[in-house]
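Visitor: need coordinates for the following:
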Amino acid sequence: MPGGRLTRTERRQIALGLADGLPCAEIARRLDRPTSTITREVMRNGGRTAYRADLAHRATERRAHRRRPASSRGTEPVPRPHGRDAEAVAEYEEAFTTVLMASGLTRMAARVLTCLYTTDAGSLTASRLAQSLQVGPASVSKAIAFLEGRSLVRRERDERRRDRYIVDDELFYRATIAGARANDQLVETARQGVAVLGPHTPAATRLENIARFLGFIGESITRAAEQAREVLHTQPETTSNDTARPSPDHG
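Guide: A predicted model of the protein is given here:
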């Protein structure tokens, strides 16, 4: 299986495959590439409907240029905390961003959320986010507004009266509960249809079964989320020298 970056020709084949309505798995098979490679490529460059091969290729070249090691310019690269591999971290952040985009976030909002989740402190200022993501303050501000509107981040003032953006440990709890309750209206409407269509008729039976199924699933998920809620607040184990304690991010 070939490795390395996608070529311009491969990106044009991806664009043709998307235009033909092919799933990413089939495009990956034809290119002899991992499906995850094609999925990330498409999601980071506009998605299925907006993907353009030449634009994607130029964007990749710009990202590669920005990520060139500082040592190539005659200075030492900035060390990563905890001895982390900088390239591995960058790859993981890109993968995490792609997954968040697949869940419905814009690319910049997904990048900001990834940055917040992968920083040990769990919070950053707008200027630090802009610096880390190498984008302008306006891009960060727009993404933050998007995320705040969906309760995915919250804002606090630090001792220097700067706004800090924080990822709430209960984000996934709230999202799970909201998802479990999203079908409540459908359950209620389905049961109303039973009376309208007449009990014991095939249509009414179908609606009643749907209502029972969704109601059972929603109750089960809510109960499980309540039971597992404390997991979100588990603290990292520490040794006698506190070697596992996260170091705070500054900025």
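
Visitor: my guess is residue 164 contacts residue 125. True?
Guide: Yes: judged on C-beta atoms under 8 Å, residue 164 makes contact with residue 125 at a distance of 5.6 Å. Every residue, glycine included, has its C-beta placed from N, CA and C.

Visitor: which residues do these two both contact?
Guide: Residues touching both residue 164 and residue 125 by C-beta atoms under 8 Å, 6 or more residues apart in numbering: residue 158.

Visitor: what helix or strand does residue 164 sit in?
Guide: Element membership for residue 164 (DSSP states H and E) is strand 163-166.

Visitor: direction included, what does that strand pair against?
Guide: strand 123-125 (antiparallel), strand 154-157 (antiparallel) (DSSP bridges).

Visitor: got CSV for those, with mean neighbour count and distance to residue 174 too?
Guide: As requested, those are arranged in CSV below (neighbours: other C-beta atoms under 10 Å; distance: least, C-beta to C-beta, whole Å):
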stretch, mean neighbour count, distance to residue 174
strand 123-125, 20, 18
strand 154-157, 11, 11
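
Visitor: nearest to residue 116, out of those?
Guide: Of all these, it is strand 123-125 that lies closest to residue 116, at 6.2 Å by C-beta to C-beta.

Visitor: show me the shaky parts of the stretch 51-200 of the chain.
Guide: Filtered on pLDDT under 70, the stretch 51-200 of the chain yields the residue ranges 63-81.

Visitor: follow-up on the earlier one: buried set for the strand holding residue 164?
Guide: By neighbour count with 16 or more other C-beta atoms under 10 Å, strand 163-166 contains the buried residues 164-165.
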